[in-house]
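Asker: could you work out the structure for the sequence below:
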Amino acid sequence: MGRKERAKERREKRLQEITELRKIPYAAEDRWWSSETVAVVTGANRGIGYEIARQLAGHGLKVIITSRDITKGQEATTALREGGLNVAFHQLDILDPVSVKQFAEWMDQNFGGIDILVNNAGVNYNLGSNNSVEFAEKVILTNYFGTKRMVETMIPLMKHSSPGARIVNVSSRLGRLNGRRNRLGDATLREQLADEESLSIELIDRTVICFLEQVKHGNWTSGGWPQMFTDYSLSKLVVNAYTRLMARTLCSRPEGQKIHMNCYCPGWVKTAMTGWQGNISAKEGADTGVWLSLLSGQPVAGKFFAERREISF
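Answerer: Below you'll find the predicted structure:
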């Protein structure tokens, strides 16, 4: 059996284990949430976002579905309400600062804040062996700057509580700093992004701006960027770095005011984003995000997860 076959076998075994774990109800002492706990899921009109919203609502939380498209968002909300779930909808375009601000104001007025924020909204324009950077600017603006905008705008709305508020950023293994096939070619930059002392917002922003400048001038192929789904991979790499950086600050707050921020890879999921070419369902892909959102006991911060296990950045 080759390396790929062994990896596939391990993954399938782990997914089977998770399927069994999901059948076990949360113990009463582990349920830190209630029907008044408010979770926001961006890009929740379909795919992984829809499944995360459905599963969180199924655990008894009040879930706010957001979507850039009003009609699709309302349709998703209606479908979940017909299933007896406590969900509400508000239009949200994470690319638009005005839209994000209006959403924050609506959340404050109607719910008094947020307990859980799942940043799922994102885009990818590459499928199969395609590696075009035609839409690189939109990918970076959405996946990184849009996520960053949501975090910065929603932090003041995160509710204080003894378990701590939660932020979960949907990411990808393609954004790992030291992935075997997709690592950054610039060893110095890789070390700077990995080092807790040198990591900063300025460094992260400068990295993506440099990439976009090279795309603009047509010389990005020699820049040492990830070789697979380059723009998408880089957008997730910097989301991961941003998660690590922000988690340090948010988790160092006084007790009762902490925000636990992590990221996770859902896997290669059968959704519109992958052209339905994935190897797991949206239900399976959503699982770790839901598990991370509801983690009880001593919540972690600044970590990267897949299949309910911590993985390296």
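
Asker: only C-alpha atoms from now on, for both contacts and neighbour counts.
Answerer: Will do.

Asker: now the strands for the stretch 101-250 of the chain?
Answerer: With strands called from DSSP state E, counting those that start in this stretch, the stretch 101-250 of the chain shows them at 116-119, 165-170.

Asker: listing partners with orientation, what would you give for the longest one?
Answerer: When pairing is defined by DSSP bridges, strand 165-170 lines up against strand 116-119 (parallel), strand 259-265 (parallel).

Asker: ranking the ones you listed by burial, who's on top?
Answerer: strand 259-265 (a mean of 28; mean count of other C-alpha atoms under 10 Å).

Asker: would you mind writing the CA trace of it as CSV?
Answerer: Extracted in CSV, the C-alpha atoms of strand 259-265 (Å, rounded to 0.1, in the frame of the first residue of the first chain):
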residue,chain,number,x,y,z
ILE,A,259,-12.4,35.2,23.0
HIS,A,260,-11.2,31.9,21.8
MET,A,261,-10.2,32.1,18.1
ASN,A,262,-9.2,29.1,16.0
CYS,A,263,-9.3,27.9,12.4
TYR,A,264,-10.1,24.6,10.8
CYS,A,265,-9.9,22.8,7.5
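
Asker: what's the first helix or strand after that strand?
Answerer: helix 282-293 (DSSP states H and E).

Asker: just the CA coordinates for that next one, please, in CSV.
Answerer: The C-alpha trace of helix 282-293 is given here as CSV (Å, rounded to 0.1, in the frame of the first residue of the first chain):
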residue,chain,number,x,y,z
ALA,A,282,-21.0,19.1,3.6
LYS,A,283,-22.3,17.5,6.8
GLU,A,284,-19.0,15.9,7.4
GLY,A,285,-17.1,19.0,6.5
ALA,A,286,-19.1,21.1,8.9
ASP,A,287,-18.5,18.8,11.9
THR,A,288,-15.1,20.1,13.2
GLY,A,289,-16.3,23.7,12.9
VAL,A,290,-19.4,22.9,15.0
TRP,A,291,-17.3,20.8,17.5
LEU,A,292,-14.8,23.7,17.8
SER,A,293,-17.6,26.3,18.3
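
Asker: one step back: now distance to residue 96 and mean pLDDT too, for the strands paired with strand 165-170, in CSV please.
Answerer: CSV is the format used below for those (distance: least, C-alpha to C-alpha, whole Å; pLDDT from 0 to 100):
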stretch, distance to residue 96, mean pLDDT
strand 116-119, 15, 98
strand 259-265, 23, 98
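
Asker: closest to residue 239 out of these?
Answerer: strand 259-265 (8.2 Å; C-alpha to C-alpha).

Asker: circling back to that earlier point, can you put the strands paired with strand 165-170 in a markdown table and add distance to residue 287?
Answerer: Listed next are the strands paired with strand 165-170 as a markdown table, based on distance: least, C-alpha to C-alpha, whole Å:
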| stretch | distance to residue 287 |
| --- | --- |
| strand 116-119 | 13 |
| strand 259-265 | 10 |
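
Asker: just tell me which of those ends up closest to residue 9.
Answerer: Of the strands paired with strand 165-170, the one closest to residue 9 (C-alpha to C-alpha) turns out to be strand 259-265, at 18.4 Å.

Asker: quick one: low-confidence parts of the chain?
Answerer: Within the chain, no range satisfies pLDDT under 70.

Asker: other residues contacting the helix or strand residue 80 falls within?
Answerer: Assigned by DSSP H and E, residue 80 belongs to helix 70-82. For helix 70-82, contacts defined as C-alpha atoms under 8 Å, 6 or more residues apart in numbering pick out 44-46, 50, 54, 65-67, 86-91.

Asker: next, the buried residues of that helix.
Answerer: 72, 73, 74, 76, 77, 78, 80 (16 or more other C-alpha atoms under 10 Å).
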